[in-house]
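# Sequence below, structure please.
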Amino acid sequence: MLSRLETTANKIDSLSEGNKDKRLKDWLDNQDVCMILSIDKRTLQNYRDKKILPYSQFVHKNYYKPEDVERVLQSMEYNKK
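Purely as a prediction, here's the structure:
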């Protein structure tokens, strides 16, 4: 019985490792992104509308992957030069 429980726990752990990016704690919300990019909420809305910054919506709240925000930030810095 204990062996089966440990096997099941290991399977759950391995499945959750493959879905790390789906955990909301690793994602950024609107306020975080606005602060990081030094933009206002309306500009962020434009980025979403123009598909510049991908996002996911969960319970009427938008979330962004940190690597997508980093890509936009690098693009903004490149365009300043």
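# and stretch 41-48, C-alpha only, in PDB?
In PDB, the C-alpha atoms belonging to stretch 41-48 read as follows (Å, rounded to 0.1, in the frame of the first residue of the first chain):
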ATOM      1  CA  LYS A  41      -2.200  50.100 -18.100                       C
ATOM      2  CA  ARG A  42      -3.500  51.500 -21.400                       C
ATOM      3  CA  THR A  43      -0.100  50.800 -23.100                       C
ATOM      4  CA  LEU A  44      -0.200  47.300 -21.700                       C
ATOM      5  CA  GLN A  45      -3.700  46.900 -23.200                       C
ATOM      6  CA  ASN A  46      -2.300  48.000 -26.600                       C
ATOM      7  CA  TYR A  47       0.500  45.500 -26.300                       C
ATOM      8  CA  ARG A  48      -2.100  42.800 -25.700                       C
END
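# which residues touch that stretch?
Applying Cβ atoms under 8 Å, 6 or more residues apart in numbering, the contact partners of stretch 41-48 are 30, 33-34, 37, 39, 52-53, 55, 62, 72. Glycine gets a C-beta too; all of them are placed from N, C-alpha and C.
# List the buried residues for the helix or strand harbouring Glu77?
Assigning secondary structure by DSSP states H and E places Glu77 in helix 66-80. Residues of helix 66-80 classed as buried by neighbour count (16 or more other Cβ atoms under 10 Å): 68-69, 72.
# Just the contacts of stretch 41-48: which are in strands?
Secondary structure defined by DSSP state E assigns Asn62 of these to strands.
# From the contacts of stretch 41-48, list the buried ones, please.
Going by neighbour count (16+ other Cβ under 10 Å), the contacts of stretch 41-48 have 30, 33-34, 37, 39, 53, 55, 62, 72 buried.
# Next one: the spatially most central residue of the chain from Tyr55, what distance?
When the chain is reduced to its mean C-alpha position, the nearest residue by Cα atoms, centre = their mean turns out to be Lys65, at 2.1 Å. Here the criterion is Cβ to Cβ, to the nearest Å. By it, Lys65 lies 8 Å from Tyr55.
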